[in-house]
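J.: pasting the sequence and the predicted coordinates here, then a few questions.
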Amino acid sequence: MELFYRKYGEGVPMIIVHGLYGASDNWVSIAKVLSAGFEVFLIDQRNHGQSPHSKEHNYRLMVDDLYEFVENQNLDKAVLMGHSMGGKTVMHFAKEYPERVEALIVLDIAPKSYVELSKKASIHHYLILNAMRSIDFSKITNRKDVEIRLSEKIDDERIRLFLLKNIYRNKNNKFSWRLNVEALYQNIDEIMNGELLPPEEPITGFPVLFIRGADSNYILDEDIEKIHEIFPYAELKTIENAGHWLHAEQPEKLLKIIHEFLS
């Protein structure tokens with residue numbers, strides 16, 4: 001699948017891969033800072049942003065999409081950075097194609113399944129996706145209408161505002177979701193799983209950094225052992241006063257850690 005992308009700067013190639021419900025435009029401010037020393041590519045993963053839609057959505061396909069992108073851009077190697085679902089994508093890519101990775105940065109996700117954690121969450125993904133599926137855009141005249149309807153099922157304003165970034169006017173000038181909501185709903189267990197099994201030989205050919213938010217429960221202390229089974233020399237940094245969306249909550253701290261790691 002040919003993915004939509006944005007490009008900034010010149011230098012060592014870096015590809016940033018967004019998470020679930022996200023898109024490349026969530027990362028523009030980060031990319032512009034990093035573009036001082038890197039050629040930064042921001043991609044939209046399948047069923048997100050301006051990339052094509054598909055009924056299928058799993059990590060095997062997202063890795064294939066990323067490999068096709070690397071090939072189309074004639075990149076020998078690249079620094080890969082991924083957040084959440086995007087972090088799973090770049091981890092699986094690094095396991096499959098280690099020779100194409102210059103360095104790996106994984107943001108607030110571990111190589112484990114999150115199916116059970118998602119089911120226990122106060123606002124789980126089935127609830128979010130069902131709320132999005134319930135929007136009848138034929139009755140929508142502005143974005144505020146969407147927020148009001150989402151608020152009936154999603155209490156967290158931050159999540160609602162994040163989802164609203166996916167609203168656009170289609171070719172018929174009608175409001176719609178950029179996300180392929182139905183495909184994400186049908187494949188959400190696949191997305192939340194994506195467990196990375198240890199390879200026969202640990203991955204050691206490039207530097208690896210995991211960054212977590214101190215207020216997030218996505219990377220626990222007990223996950224460090226599993227991380228090191230796969231990436232034995234991986235570093236782990238924690239950003240205080242940050243949750244899962246650390247790039248939005250603490251961008252300066254995140255950039256400082258990234259620069260220190262890559263320098």
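T.: That came in fine, so what should we check first?

J.: end to end, how far does stretch 230-237 reach?
T.: 17 Å (Cα to Cα, to the nearest Å).

J.: what are the buried residues along that stretch?
T.: Within stretch 230-237, the residues that qualify as buried by neighbour count (16 or more other Cβ atoms under 10 Å) are 230-231, 234, 236-237. (Glycine included, C-beta is placed from N, CA and C.)

J.: just give me the closest of the residues you listed to Leu161.
T.: Taking Cβ to Cβ as the measure, Lys237 is the one of the buried residues of stretch 230-237 closest to Leu161, at 27.1 Å.

J.: which ones are touching the closest one?
T.: 209-212, 257, 261 (Cβ atoms under 8 Å, 6 or more residues apart in numbering).

J.: okay, and which of those map to helices?
T.: By the criterion of DSSP state H, membership of the contacts of Lys237 in helices covers 257, 261.

J.: next, format the contacts of Lys237 as JSON lines and append neighbour count.
T.: Putting the contacts of Lys237 into JSON lines (neighbours: other Cβ atoms under 10 Å) gives the following:
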{"residue": "Leu209", "neighbour count": "20"}
{"residue": "Phe210", "neighbour count": "24"}
{"residue": "Ile211", "neighbour count": "26"}
{"residue": "Arg212", "neighbour count": "24"}
{"residue": "Ile257", "neighbour count": "19"}
{"residue": "Phe261", "neighbour count": "16"}
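
J.: in the contacts of Lys237, find the pair that's most separated.
T.: Every pair in the contacts of Lys237 was compared (Cβ to Cβ); the two farthest apart turn out to be Arg212 and Phe261, at 14.1 Å.

J.: state the distance from Lys153 to Asn47.
T.: The span separating Lys153 from Asn47 equals 21 Å under the rule Cβ to Cβ, to the nearest Å.

J.: the helices in the stretch 1-150 of the chain, which residues?
T.: 28-34, 59-72, 85-96, 115-120, 125-133, 143-151 (DSSP state H, counting those that start in this stretch).

J.: Val106 is nearest to which of those helices?
T.: Closest to Val106 of these is helix 85-96 (Cβ to Cβ; 4.3 Å).
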